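Visitor: test case, fold it:
(chains A and B)
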Amino acid sequence: MNRKLRSKLIISLVAWMAAALLFFPIFWMLITGFKTEVEAVSTPPSLFFEPTLENYAAVQERADYLKFAFNSIVISVGATILALLLAVPASYAMAFFPTKRTRPTLLWMLSTKMLPPVGVLVPIYLIFRDLGLIDTRFGLIVIYALMNLPIIVWMLYTFFKEVPKDILEAGRMDGARPGQEVVHLLMPLSLPGIASTALLSIIICWNEAFWSLNLTTASAAPLTAFIASFSAPEGLFWAKLSAASTMAIAPILVFGWLSQKQLVRGLTFGAVK
Amino acid sequence: MSTLRLRNLRKYYGDVEVIKGVDLDINDRDFVVFVGPSGCGKSTLLRMIAGLEEISDGELMIDGERVNDVPPAERGLAMVFQSYALYPHMTVRDNMGFALRLAGASKADRNAKVLEAARVLQLEEYLDRKPGALSGGQRQRVAIGRAIVRDPKVFLFDEPLSNLDAALRVQMRIELARLHDELDATMIYVTHDQIEAMTLADKIVVLQRGIIEQAGTPLELYHHPENLFVAGFIGSPKMNFLVAKVVATDEDGVTVALANRDEIKVDVAPGQVKQGEALTLGVRPEHLKVADRGDISGEVLVAERLGGETYLYTQVTDGVMLVVHADGENPTRVHDQVNVAIDGRVCHLFKEDGSAVRRARRHPLADIKDPTTAAA
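Guide: This is a model prediction of the structure:
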């Protein structure tokens, strides 16, 4: 066997193993959701069993899935739109009108991501309580948007940097005001980048659990809170928990699958040119 | 009518001064070319006029009105960029109509103007294409079309031909000259290519390190350069410079001695130099002749044969390289010894500070106006 082929084979093998490793928990969750509670905790675990839908029925009986799903959609999309509204002008300014302090500002924004969220839980909780934002969708939209803002600004900044400055200057000569420059030229030209940024933001928001668990109780709770509600104090119900988790992540998995091309393009942007 | 007045224009980037007080008058319908080596500030100056760079100090007047703080589009200017800077997501039609759309022109009005510009530039059949599907020359024409549609007071060109290949560049150069004639508009053009400058300009502005070295008609700069820099910059191949010393002065000129003691009488106005003063003698390659008995002799190191003409790179005394123009039939070979005759009537003299010694007579072609229209 020649060396090129062998190294290719090894790389493929490693890649498949890594993929299997990453996929295994999801796979396990998926099948556990179709087991009975007894089967779910049996050792050794049974791979062959009679699938049942009773967990799904039980889950739906205990909590209204659609209500949580609706909250998740509203909050993820809302937070993404709000963050983009703030980040597009900010990134435009940083990419095309840089000052000495642009770089430090960007780094500072990123550094806020290094702080564990729990560190600001108490102040945020108190602020939300005083403003009446606890257990509101709007409250979560605001906190998610702020949470994602540094990443979104960084990504957009990188995408905007790729747009030739001349084109915007030509627009300025043609009479475009800054807002028109952004809407008519910058955004259409970096649409793929904006789309991948938005996708990533939606996924991060969808999966966010810390703030949703701490700042919501019932009416604004998204799917992450829905999952958590099945790890009840009276004991863990693995099968029901798995069924609930499956229902919670199914939409975003499908969404991620459909948009994976765009996502990968966005995340590797600049790396390959 | 559209005239520009630049008064003591300055530009600082932090503490660095890149435009150091530029004064310039540009008349209606002039074709003015800014030339200079890279980094001389010619593009910065153009961008200051355009409004894309802030003016740090001084005044910019368009038609007598101070426009320092007027935004680009309201100055009534249009600009053609080196990179064309077309909007890649719009069709040619939308590219050209963008400014009108922003200005709120009606669709019919927009269409009419775009069609008219497309006709002038022969772009009619490409109107529904996107820039990506056009060749370099076509993109350049769209960029010009975008400027024409706005019906500006002044056209600004920032090295518009430097991304084109040589053949296309010549063709576009002629087209631009024709366009200037047809549109009857004021144009300011930045280039580092002195052939573009010589052929297109009514007035050339030579810049170096943020100051104007000289401004004048192409032939004025060629025949009456005011200093060593302009003398060396205008003309291709560049002017030869030789060390010289004044040996005699009289009413109709100065006699100088070259390093090899050969004496040459140069026609300059009297009373500008003293006996014994060290000068630089400048003479263009096309004013040198290979002769049986010359003023200076040397060995030919390189012979560039262009077919119709030949340039002989001749090493004379002390490592000085003299470029000598000869006709295409000249049989001189590399390593041949040649004698070069210098005609004192076409030589230039420069003082030690680089300034030119004024010549005795003004060249008859130095002040002709509008060479572009004459050529078109």
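Visitor: which residues touch B:Arg47?
Guide: Going by Cβ atoms under 8 Å, 6 or more residues apart in numbering or on different chains, B:Arg47 touches B:Glu53, B:Asp158. For the C-beta atoms, the positions are set from N, CA and C on the backbone; glycine is no exception.
Visitor: how about a cut-off of 7 Å?
Guide: With contact taken as Cβ atoms under 7 Å, 6 or more residues apart in numbering or on different chains, B:Arg47 is in contact with B:Glu53.
Visitor: do the same with the one 5 residues further on
Guide: When contacts are counted by Cβ under 7 Å, 6+ apart, B:Leu52 touches A:Glu169, A:Arg172, B:Pro72.
Visitor: out of the residues you listed, which one has the lowest pLDDT?
Guide: Lowest pLDDT of the contacts of B:Leu52: B:Pro72, 89.
Visitor: hmm, back to that, closest one to B:Gly298 out of the contacts of B:Leu52, please.
Guide: Of all the contacts of B:Leu52, B:Gly298 sits closest to A:Glu169, with 50.8 Å by Cβ to Cβ.
Visitor: element containing that closest one, please.
Guide: If you go by DSSP states H and E, A:Glu169 is part of helix A:165-173.
Visitor: report the buried residues of that helix.
Guide: A:Asp166, A:Ile167, A:Leu168, A:Glu169, A:Ala170, A:Gly171, A:Arg172, A:Met173 (16 or more other Cβ atoms under 10 Å in any protein chain shown).
Visitor: any chance of these in JSON lines, plus distance to A:Leu86?
Guide: Listed next are the buried residues of helix A:165-173 as JSON lines, based on distance: Cβ to Cβ, whole Å:
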{"residue": "A:Asp166", "distance to A:Leu86": "27"}
{"residue": "A:Ile167", "distance to A:Leu86": "24"}
{"residue": "A:Leu168", "distance to A:Leu86": "20"}
{"residue": "A:Glu169", "distance to A:Leu86": "25"}
{"residue": "A:Ala170", "distance to A:Leu86": "27"}
{"residue": "A:Gly171", "distance to A:Leu86": "22"}
{"residue": "A:Arg172", "distance to A:Leu86": "23"}
{"residue": "A:Met173", "distance to A:Leu86": "28"}
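Visitor: want to throw these into JSON lines with distance to chain B?
Guide: Below are these laid out as JSON lines (distance: Cβ to the nearest Cβ, whole Å):
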{"residue": "A:Asp166", "distance to chain B": "4"}
{"residue": "A:Ile167", "distance to chain B": "5"}
{"residue": "A:Leu168", "distance to chain B": "9"}
{"residue": "A:Glu169", "distance to chain B": "5"}
{"residue": "A:Ala170", "distance to chain B": "4"}
{"residue": "A:Gly171", "distance to chain B": "7"}
{"residue": "A:Arg172", "distance to chain B": "5"}
{"residue": "A:Met173", "distance to chain B": "5"}
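Visitor: where does the chain dip in pLDDT?
Guide: No chain in the question, so chain A it is. A:1, A:232-235, A:266-273 (pLDDT under 70).
Visitor: can you look at chain B instead?
Guide: Where chain B drops to pLDDT under 70, the residues are B:1, B:369-376.
Visitor: can you check which helix is longest in it?
Guide: Taking DSSP state H as the criterion, chain B has its longest helix at helix B:166-183.
Visitor: distance to B:Val323 for the contacts of B:Leu52 - can I get that in CSV?
Guide: Shown next, in CSV, are these (distance: Cβ to Cβ, whole Å):
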residue, distance to B:Val323
A:Glu169, 40
A:Arg172, 45
B:Pro72, 44
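Visitor: and of those residues, the nearest to A:Asn71?
Guide: A:Arg172 (42.9 Å).
Visitor: test my guess that that closest one contacts B:Arg75.
Guide: No. Contact between A:Arg172 and B:Arg75 fails when scored by Cβ atoms under 7 Å: they sit 11.1 Å apart.
Visitor: for the contacts of B:Leu52, which one is nearest B:Pro152?
Guide: For the contacts of B:Leu52, the nearest to B:Pro152 is B:Pro72 (10.8 Å; Cβ to Cβ).
Visitor: verify the stated contact: that closest one with B:Gly51.
Guide: Yes. Assessed by Cβ under 7 Å, B:Pro72 is found in contact with B:Gly51 at 3.5 Å.
Visitor: show me which residues of stretch B:47-65 are buried.
Guide: Buried, per 16+ other Cβ under 10 Å, within stretch B:47-65: B:Arg47, B:Met48, B:Ile49, B:Ala50, B:Gly51, B:Leu52, B:Glu53, B:Ile55, B:Gly58, B:Leu60, B:Ile62.
Visitor: go on, stretch A:131-140?
Guide: Result for stretch A:131-140 [16+ other Cβ under 10 Å]: buried residues A:Leu133, A:Ile134, A:Thr136, A:Arg137, A:Gly139, A:Leu140.
Visitor: how near is the fourth one to A:Ile73?
Guide: With distances taken as Cβ to Cβ, to the nearest Å, A:Arg137 is found 10 Å from A:Ile73.
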